[in-house]
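3D, please:
(2 chains)
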Amino acid sequence: QQQVKQSPQSLIVQKGGISIINCAYENTAFDYFPWYQQFPGKGPALLIAIRPDVSEKKEGRFTISFNKSAKQFSLHIMDSQPGDSATYFCAAGGNTPLVFGKGTRLSVIA
Amino acid sequence: ETGVTQSPTHLIKTRGQQVTLRCSSQSGHNTVSWYQQALGQGPQFIFQYYREEENGRGNFPPRFSGLQFPNYSSELNVNALELDDSALYLCASSFPSGRGVTGELFFGEGSRLTVL
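This is a model prediction of the structure:
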């Protein structure tokens, strides 16, 4: 049973465009929702995270939007750059170990 | 401050063999989690150690076992290797605010295991 569903599986965005990745979760006990970025040959690195007491969190070009009633959250990357090309994972947890989505491979083309 | 380090980075084993993977946690972190990442998939939780005790386990069989040492470093042992065990094994350390709570995870670069 997949507790965190992530889409799309892959995404191609023009340089300067907006990248949007979506996730949906099932367990209402989750209260911590991070996004991780992974480059080939590297481990995942925390990008940004949100708790359900706020609906949006912004750090630089990265924004998480959170919809508690719909049990959905999304990552927006503004002004996408070729250096953003990587695989992005959403995750959910808190008082339980993190459960990860299957990942989105983002390619930003010039 | 050193980050999470894992060894070995790559290894090849044959079916039925046993493997031990090692992880040194980030300075100051007392919790280590192990994840299995199959090719093209997200990390899947294997188990977590907090102050040398197993503190949660995912849906993995008992042939996956672990240890945490007093210095908070950790080992993952897999017995009777199967072809499907081929994956990247990730170790992550954290400093949770309480037992059972997952703090921010800091991942190592992983150990890539190939089972032939």
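
From now on I want contacts and neighbour counts done on CA atoms only, so please keep to that.
Fine.

what does chain A have sitting close to chain B?
Proximity of chain A to chain B (Cα under 8 Å from any Cα of the partner chain) is limited to residues A:41-46, A:89, A:93-103.

Who are the contact partners of the residue most central in space within chain B?
In chain B, the C-alpha nearest the mean C-alpha coordinate belongs to B:Trp34, at 2.8 Å (Cα atoms, centre = their mean). Each residue near B:Trp34 by Cα atoms under 8 Å, 6 or more residues apart in numbering or on different chains is listed here: B:Phe45, B:Ile46, B:Phe47, B:Gln48, B:Leu76, B:Tyr89, B:Leu90, B:Cys91, B:Ala92.

top of those by neighbour count?
Tallying neighbours with other Cα atoms under 10 Å in any protein chain shown puts B:Cys91 at the head of the contacts of B:Trp34, with 31 neighbours.

Quick check on that residue: phi, psi?
Note on B:Cys91: backbone dihedrals following degrees, to the nearest 10 are phi -110, psi 140.

beta partners for it?
Taking DSSP bridges as the rule, B:Cys91 bridges to B:Trp34.

State the distance from it to A:Thr104.
According to Cα to Cα, to the nearest Å, B:Cys91 and A:Thr104 sit 21 Å apart.

now do A:Gly93
For A:Gly93, the distance to A:Thr104 (Cα to Cα) stands at 19 Å.

who has more neighbours, the two?
Neighbour totals were compared for A:Gly93 and A:Thr104, and A:Thr104 leads with 23 against 20 (other Cα under 10 Å).

Tell me the pLDDT of the closest residue to A:Gln9 other than its chain neighbours.
Leaving out its chain neighbours, the residue that sits closest to A:Gln9 by Cα to Cα, 6 or more residues apart in numbering or on different chains is A:Thr104, at 4.6 Å. Here the pLDDT value assigned to A:Thr104 is 98.

so which helix or strand takes in B:Arg15?
Using DSSP states H and E, B:Arg15 is not contained in any helix or strand.

doesn't B:Val115 make contact with it?
Yes - B:Arg15 sits in contact with B:Val115 when judged by Cα atoms under 8 Å, with a separation of 6.0 Å.

overlap in contacts of these two?
Common neighbours of B:Arg15 and B:Val115 (criterion: Cα under 8 Å, 6+ apart): B:Leu81, B:Glu82, B:Leu83.

Could you measure from B:Gly40 over to B:Thr114?
Computed as Cα to Cα, the B:Gly40 to B:Thr114 distance reads 15 Å.

Please compare these two by neighbour count and tell me which comes out ahead.
Each of B:Gly40 and B:Thr114 has its neighbours counted (other Cα under 10 Å); B:Thr114 has more, 19 against 12.

OK, contacts around that one?
Neighbouring residues of B:Thr114 by Cα under 8 Å, 6+ apart: B:Leu11, B:Ile12, B:Lys13, B:Leu83, B:Asp85, B:Ser86, B:Ala87.
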